[in-house]
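Engineer: this is the structure alone, sequence omitted:
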């Protein structure tokens, strides 16, 4: 008999539970909705901030290549996610996949890890939204922006989007669709208008010659450098790869699409399409913006929090910066909404499995959404966003995401061997080679994160272990015992003196 921590949950049981009364989510999302969700959460702070910063610090105009490399790594993980999401169309994303393949303890670790990624990510982005809003409308600094404690702007947007999430995912999809349309229009505006202000001299040299990066000390030092004494390079080939490891996080979000599998009309067909389409669209947009912006301004001048606006200011088109700020506000709004949506769905799956109190998994009788968890998630995120400075904590979202990617890639290989009979609408190609490459790529990016980030991550996971061994393991075990069929009594064989 397997130890409790290695208990797995069958695919059939996971799918069967999606039809339980009181825990049934409404199936109403199409492939268009999924693509909109994906683009909505991916295109956000990355395209408005990281493009210029990494061009100035690491890659120069070759930041275009960095975005391409990062997209390839994400595509490896996306192909693994697509197979799982089409095979196991259940809320919970990597958590559910882990439970089906690697056991209960690994599932808990992933779920707790996703709480960190999605919840903290939403809080970080809400602070950024408030800062853009303060700049756009000239609001008082005590009301919104980096210096506001409490940050009423961040609290307001989280509360508003929590209400949207309670009313329903279809409304969330429509609301996101409108904002994504505005955001994409602004990005296309940047590309189209910027083409007329490109100076080819700004791309020379396209790959600046490599040089040692300025030294960092203490907890800010990358883990790989701390362990091996490897000195990171700035610019050149090493700089391009270093930038790729950072701009990779601008693509985070396609995995959130997988959390809505249970609310998709035809998940086997639409999940892979939605995940891969959203990633492809965003990769093209990122590379095009990087190409235009580095052509408008010298890469060394783009190390700012608003590089797109800076590029247009440099060429004398100041009015365009306001348009870009509008796009940033709309873009970041969609990121917050989809992160809150994904967070509540992961917690919903964990509560339904009794790893968290099952009463939290109740679905609203009218809206068909996990309203208790949505409200609880929104309340916690609003408090964190309103009162906690999150500049140092934002890197935790990255390590959490990469860890989830690793588990999903391993899970694809495990499920192929343990359940080859399962129908798979989408099959990850070149298994096990492609998942192994995905694991190695993600691990490489993880060990290039700062030591401080690893310490905070390990502390967070230690808290998760306490909760699991103190509550989740026992609650899930009691549920399994209560649902197990009673053993059939066996009559003793008649003895030699018994009358037949």
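Structural biologist: Yep, it's here. In this text the structure is predicted, and so the values were computed from the model without any measurement.
Engineer: can you pull out the strands in the chain?
Structural biologist: Taking DSSP state E as the criterion, the chain carries its strands at 211-212, 233-234.
Engineer: now tabulate the ones you listed in TSV and tack on mean pLDDT, mean neighbour count and distance to residue 453.
Structural biologist: Quick note: C-beta positions are derived from backbone N, CA and C, even for glycine. Converted to TSV, these look like this (pLDDT from 0 to 100; neighbours: other C-beta atoms under 10 Å; distance: least, C-beta to C-beta, whole Å):
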stretch	mean pLDDT	mean neighbour count	distance to residue 453
strand 211-212	78	11	22
strand 233-234	72	18	20
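Engineer: output the ones you listed as JSON lines; include the columns distance to residue 414.
Structural biologist: Supplementary listing: the strands of the chain in JSON lines, determined by distance: least, C-beta to C-beta, whole Å:
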{"stretch": "strand 211-212", "distance to residue 414": "42"}
{"stretch": "strand 233-234", "distance to residue 414": "37"}
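Engineer: spit out the contact partners of residue 112.
Structural biologist: 460, 461, 464, 467, 468 (C-beta atoms under 8 Å, 6 or more residues apart in numbering).
Engineer: picking that back up, for residue 204, find the nearest of the strands of the chain.
Structural biologist: strand 211-212 (17.3 Å; C-beta to C-beta).
Engineer: strand partners of the closest one, parallel vs antiparallel please.
Structural biologist: strand 233-234 (antiparallel) (DSSP bridges).
Engineer: residue 297 and residue 187, how far apart?
Structural biologist: 17 Å (C-beta to C-beta, to the nearest Å).
Engineer: what sits against residue 301?
Structural biologist: Residues in contact with residue 301 (C-beta under 8 Å, 6+ apart) are 56, 310, 314.
Engineer: against residue 222, how distant is residue 229?
Structural biologist: 11 Å.
Engineer: who has more neighbours, these two?
Structural biologist: When residue 229 and residue 222 are compared for neighbours, residue 222 comes out ahead with 20 against 7, by other C-beta atoms under 10 Å.
Engineer: which residue is the nearest non-sequential neighbour of that one?
Structural biologist: Residue nearest to residue 222 in three dimensions, not counting chain neighbours: residue 448, with 5.0 Å by C-beta to C-beta, 6 or more residues apart in numbering.
Engineer: what is the burial count for that neighbour?
Structural biologist: With other C-beta under 10 Å as criterion, residue 448 counts 18.
Engineer: cool, and residue 428?
Structural biologist: Neighbour count of residue 428, defined by other C-beta under 10 Å: 23.
Engineer: quick check: phi and psi on it?
Structural biologist: phi -60, psi 130 (degrees, to the nearest 10).
Engineer: quick check: pLDDT value at residue 173.
Structural biologist: Looking at residue 173, its pLDDT reads 59.
Engineer: starting at the chain centroid, how far to the helix ranked longest in the chain?
Structural biologist: If you go by DSSP state H, the chain has its longest helix at helix 319-352. How far helix 319-352 lies from its chain's middle: 11 Å, per C-alpha atoms, centre = their mean, to the nearest Å.
Engineer: buried residues in it?
Structural biologist: By 16 or more other C-beta atoms under 10 Å, the buried positions in helix 319-352 come out as 320-321, 323-325, 327-352.
Engineer: cool, stretch 177-192 as well?
Structural biologist: For stretch 177-192, by 16+ other C-beta under 10 Å, it's 177, 179, 180, 182, 183, 184, 186, 187, 190.
Engineer: isn't the second one up against residue 331?
Structural biologist: Right, the one you point to is residue 179. Yes. If you go by C-beta atoms under 8 Å, residue 179 and residue 331 touch, sitting 7.4 Å apart.
Engineer: common neighbours of these two, please.
Structural biologist: Residues touching both residue 179 and residue 331 (C-beta under 8 Å, 6+ apart): none.
Engineer: so where do the helices sit in the stretch 351-500 of the chain?
Structural biologist: Using DSSP state H, counting those that start in this stretch, the helices of the stretch 351-500 of the chain run over 371-387, 395-418, 433-446, 451-467, 473-483.
Engineer: any idea how many residues pack against residue 236?
Structural biologist: Applying other C-beta under 10 Å, we find 18 other residues in the vicinity of residue 236.
Engineer: please read the previous query as pertaining to residue 56.
Structural biologist: So residue 56, with other C-beta under 10 Å, has 20 neighbours.
Engineer: swap in residue 79?
Structural biologist: The number of residues packed near residue 79 is 24, by other C-beta under 10 Å.
Engineer: check residue 201 too.
Structural biologist: For residue 201, using other C-beta under 10 Å, the count is 8.
Engineer: check what pLDDT it gets.
Structural biologist: 92.
Engineer: on that earlier part again, want to throw the helices of the stretch 351-500 of the chain into TSV with mean pLDDT?
Structural biologist: Formatted as TSV, these follow (pLDDT from 0 to 100):
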stretch	mean pLDDT
helix 371-387	89
helix 395-418	83
helix 433-446	91
helix 451-467	90
helix 473-483	75
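Engineer: ok, which of the ones you listed comes nearest residue 97?
Structural biologist: Proximity to residue 97 (C-beta to C-beta) singles out helix 395-418 among these, at 5.0 Å.
Engineer: chain center to the closest one: distance?
Structural biologist: Chain-centre distance of helix 395-418: 12 Å, with C-alpha atoms, centre = their mean.
Engineer: likewise stretch 130-143?
Structural biologist: For stretch 130-143, the distance to the chain centre is 27 Å (C-alpha atoms, centre = their mean).
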